[in-house]
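[1] this one's structure only:
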């Protein structure tokens, strides 16, 4: 940023720059969330997580295409112009499978079997049923990591 030696940077100017950074951050975060949701939709069907190359592509695609017109000349008003490139992609839409009241109720009653929880179940109660669950969870996690 270039500014005159006779005009100190005021708190107002700093706040304006923070406003610009906030706009970029909010748009990036929203775009990244959309990218992640699309990957999650694909990953659920394929039982996999994105690799680092895909994550880096998601990051690159998430940077908003925007421009700002901001004057640093003394005496200029506080107007900051913000320009966005229009969206060219269709918004993503996923149909929720748990729309019905019965489905929502059943989902709330479901047990969650995270790998650490299953490991503790086997440790505390090493029944054949718990060991089978452990093998299933291990197989599922291995599939995600490949």
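    Looks like it came in fine. These numbers come from a predicted model, not from an experiment.
[2] number of residues surrounding residue 137?
    Residues near residue 137, counting by other CB atoms under 10 Å, number 19. Heads up, the C-betas are built off the backbone N, CA and C, glycines and all.
[3] contacting residues around it?
    Applying CB atoms under 8 Å, 6 or more residues apart in numbering, we find residue 137 in contact with 113, 115, 118.
[4] please, a PyMOL command that selects the buried ones among the residues you listed?
    The PyMOL command for the buried members of those (criterion: 16 or more other CB atoms under 10 Å) is given here:
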select buried, resi 118
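[5] among the contacts of residue 137, name the ones in helices.
    115, 118 (DSSP state H).
[6] sort the contacts of residue 137 by pLDDT and name the bottom one.
    Least confident entry in the contacts of residue 137, by pLDDT: residue 113, with 76.
[7] next one: phi and psi at that one?
    Main-chain torsions, residue 113, degrees, to the nearest 10: phi -120, psi 80.
[8] kindly report the same for the one 10 residues further on.
    Residue 123 has phi and psi values of phi -60, psi -50 when expressed as degrees, to the nearest 10.
[9] you'd agree residue 140 is up against residue 47?
    Yes - applying CB atoms under 8 Å, one finds residue 140 in contact with residue 47, separated by 7.3 Å.
[10] closest to residue 82 out of the contacts of residue 137?
    Nearest to residue 82 out of the contacts of residue 137 is residue 115 (CB to CB; 45.0 Å).
[11] ok, that closest one - contacts?
    By CB under 8 Å, 6+ apart, the neighbours of residue 115 are 137, 138, 141.
[12] could these go into TSV alongside pLDDT and secondary structure?
    Below are the contacts of residue 115 laid out as TSV (pLDDT from 0 to 100; DSSP: H, G, I helix; E, B strand; the rest coil):
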residue	pLDDT	secondary structure
137	88	helix
138	87	helix
141	81	helix
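[13] got the residue ranges for the strands in the protein?
    Counting by DSSP state E, one finds strands in the chain at the ranges 66-70, 80-84.
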